[in-house]
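>>> Take this sequence and fold it.
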Amino acid sequence: MLVTTCRRTTVIGVVAVLTLGTGSAVAGARAPAAGTPAAEPVVPTLTWTDCGTTEAGTAAGVQCATATLPLDHDDPAGAQVQIALARVPAPDQAARVGSLFLNFGGPGGTTVDVLQAAGAAFLPGLSGRFDVIGFDPRGVGQSSPAIDCGVNQETEGIYSIPAPTPLDIDVDAYVAKAQGYVDACLANGPVLEHVSTANVARDMDLLRAAVGDEQLSYLGFSYGTFLGATYATLFPDRYRTMVLDGAIDAEEYVHDPLSHIAEQTAGFEQSLARFAEACAVDQVACSGFGGADPYLAFDQLVAAANEAPIPADGYPADPRAVTGDDILTATLGQLYAKRRWGTLAAALAQAAAGDGSAVRAIVDGWYGRRDDGSYSPGLDRYFTIGASEQRYPRGDLEVYLDRGAESWASFPHFWSNSGYAEINYGLWPVSDEDAFAGPFTVPASSPPVLVIGTTYDPATPYPWAQRLTAQLGNARLLTMEGDNHTAYLRNSGCITAAADVYLLEGTLPAEGTVCRQEVPFVAPAPAPVEAPTAVRTDVLGSLLTGGR
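Numbering: from 1, shown residues only. Got it, this is the predicted structure:
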């Protein structure tokens with residue numbers, strides 16, 4: 001950990017750095033009229049070809065296409081982007097309702113590769129009646145150009161470690177690291193000025209038209225709920241059904257992102273406490289970690305690993321010793337899904353016994369570390385897309401230093417999620433002038449939106465779902481009592497059935513419907529230590545496998 005004391009002269013010295021680029025801040029973004037681009041858009045022509053990529057061969061029926069769309073929707077004849085799509089056609093086209101568009105969150109999450117690998121098998125109640133369609137948003141995945149800052153996410157990225165505290169932060173060094181990361185990301189060029197959610201919504205509207213649907217059917221998770229809310233606001237007459245699961249408070253996300261991330265951090269702290277309580281009740285499920293007081297044992301393990309990192313020789317792909325910061329990072333990642341609690345507990349028990357291999361594997365998966373030591377750009381996309389539209393303070397380092405100190409005081413385990421890390425946003429000089437900042441409302445003449453919230457969702461806290469429902473106005477809240485980021489599929493048959501009926505028939509669940517989570521807390525079966533495929537805010541682990 002860094003030990004240089006923060007000095008007042010150091011703070012003054014870097015404020016000027018934070019002032020650079022203020023003139024193009026998101027605060028100056030204009031809000032275009034809903035659904036009325038400056039020039040007539042051209043609906044792309046799609047040519048579909050087989051493209052499955054499972055180990056057993058081509059996933060049955062998966063097809064891919066590429067759509068050519070304007071980089072700037074105000075200049076349809078100018079530079080273009082290539083948007084990658086995948087679809088699984090409904091087996092009975094005569095009984096087909098239409099197309100169902102998916103977004104798995106992020107920002108920066110991919111969808112095309114998921115459909116290529118899995119087909120539509122993970123949507124058993126819907127794939128028979130819909131053409132299931134995923135697309136990688138502009139700047140993401142197989143779309144081109146795709147954002148990649150080319151950095152070591154553990155040492156240079158937005159959530160790099162070791163995470164500073166008010167006791168040890170070297171402000172000059174930390175701001176220099178953040179500036180280095182920003183500079184690396186800026187090398188991605190003009191696409192950064194056009195990756196806002198509103199532009200993705202405009203893309204999705206053209207893709208809807210391209211597949212021949214008069215109205216959109218949509219299922220969005222996590223950040224995908226913000227995309228859905230944006231689409232519903234900009235194009236209120238162009239969707240038939242919309243499910244938003246793991247909802248984001250749209251207004252706060254745009255206008256008060258510092259508070260937004262602080263609320264999320266509090267959600268992770270609450271989830272850790274609930275995990276520890278469950279461990280105390282069921283030591284078998286918890287692999288014996290922590291005995292009567294797993295919460296205290298967790299703190300002791302983190303402190304011990306910071307003093308003497310724990311060997312990870314049992315994970316030959318990356319046998320670096322595990323620190324306390326690594327344990328905190330692994331824990332945050334596994335708290336996304338209750339199905340991962342058993343895996344987390346087993347990793348903590350193993351680390352407490354002197355072997356950090358399982359923790360190291362989880363950390364590598366969270367950062368997207370590849371076998372060759374390079375890193376997935378998922379976190380780069382998460383940062384740059386959010387920065388293009390969120391209204392972070394510019395030119396005031398003290399705001400972030402104060403927030404960092406507040407976060408450390410308020411969140412003893414996950415303070416690195418908010419405050420200091422957000423200095424990166426304060427340094428970001430690029431904004432999308434076509435971003436949409438609300439208000440996010442749906443008129444009574446539009447179909448009602450179905451919002452799903454989970455009472456102990458760590459990443460998108462339940463109050464966000466309540467607030468988004470109120471913001472949209474013409475919306476219905478469906479609640480799952482439980483612990484998970486998102487609720488649809490493999491969590492509650494009640495939730496899944498209600499969402500499926502709504503998507504297929506347009507029938508909402510009764511107002512005030514509350515469903516119970518049906519996921520047990522169990523110890524994992526013995527298995528080789530392998531890095532899970534996981535990226536921050538990605539819901540696929542809980543949605544598809546529950547344990548990656």
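
>>> Now the phi/psi pair for the residue nearest to Pro89 when sequence neighbours are not counted, please.
Counting by CB to CB, 6 or more residues apart in numbering, the nearest residue to Pro89 once its immediate chain neighbours are dropped is Asp131, at 4.9 Å. Any C-beta I mention is one placed from the backbone N, CA and C, and that applies to glycine too. The phi/psi pair for Asp131 (degrees, to the nearest 10) reads phi -80, psi 110.

>>> Any idea what Asp131 is bridged to?
Using DSSP bridges, the beta-bridge partners of Asp131 come out as Ser99.

>>> How about the contacts made by it?
The contact partners of Asp131, by CB atoms under 8 Å, 6 or more residues apart in numbering, come to Arg87, Val88, Pro89, Ala90, Arg96, Gly98, Ser99, Leu100, Val211.

>>> ok, of the residues you listed, which come out buried?
Arg87, Val88, Pro89, Ala90, Gly98, Ser99, Leu100, Val211 (16 or more other CB atoms under 10 Å).

>>> Report the separation between the fourth one and Cys515.
Between Ala90 and Cys515 the distance, using CB to CB, to the nearest Å, works out to 27 Å.

>>> my guess is Val97 meets Asp500, correct?
No: the pair Val97 / Asp500 is not scored as a contact, 11.3 Å apart, by CB atoms under 8 Å.

>>> pLDDT averaged over stretch 290-298, what's the number?
For stretch 290-298, the mean per-residue pLDDT is 97.

>>> Confirm Leu102 sits in a strand?
Yes: counting by DSSP: H, G, I helix; E, B strand; the rest coil, Leu102 is located in a strand.

>>> Pull the number of nearby residues for it.
21 (other CB atoms under 10 Å).

>>> Excluding chain neighbours, what is closest to it?
Spatial nearest neighbour of Leu102, chain neighbours left out: Gly134 (4.7 Å); criterion: CB to CB, 6+ apart.

>>> What's the first helix or strand after the helix or strand of the chain with the lowest mean pLDDT?
In the chain, no helix or strand scores lower on mean pLDDT, DSSP states H and E than helix 8-19, which sits at a mean of 29. With elements assigned by DSSP states H and E, the helix or strand that comes after helix 8-19 is strand 49-50.

>>> Give me the distance from the helix or strand that that following strand is followed by to the chain's centre.
Using DSSP H and E, the helix or strand that follows strand 49-50 towards the C-terminus is strand 63-70. Centroid separation for strand 63-70 versus its chain: 23 Å, with CA atoms, centre = their mean, to the nearest Å.

>>> May I see the buried residues of strand 63-70?
Gln63, Cys64, Ala65, Thr66, Ala67, Leu69, Pro70.

>>> hmm, who's touching it?
Applying CB under 8 Å, 6+ apart, the contact partners of strand 63-70 are 41, 44, 46-51, 76-89, 112, 116, 135, 138, 203, 206-207, 210.

>>> Weed out the non-buried ones from those residues.
By 16+ other CB under 10 Å, the contacts of strand 63-70 give 41, 44, 46, 51, 76, 81-89, 112, 116, 135, 138, 203, 206-207, 210 as buried.

>>> In strands only, show me these.
Val81, Gln82, Ile83, Ala84, Leu85, Ala86, Arg87, Val88, Phe135 (DSSP state E).

>>> Leaving out the residues flanking it, which one is nearest to the fifth one?
With CB to CB, 6+ apart as the measure, Phe135 is the residue that lies nearest to Leu85, at 4.5 Å, once sequence neighbours are left out.

>>> next one: the third one
Among residues not flanking Ile83 along the chain, Ala67 sits closest, at 4.4 Å (CB to CB, 6+ apart).

>>> now that neighbour: how far from His413?
43 Å.

>>> just to revisit the earlier point, can you put the ones in strands among the buried ones among the contacts of strand 63-70 in CSV and add pLDDT?
Shown next, in CSV, are these (pLDDT from 0 to 100):
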residue, pLDDT
Val81, 98
Gln82, 98
Ile83, 98
Ala84, 98
Leu85, 98
Ala86, 97
Arg87, 95
Val88, 94
Phe135, 98
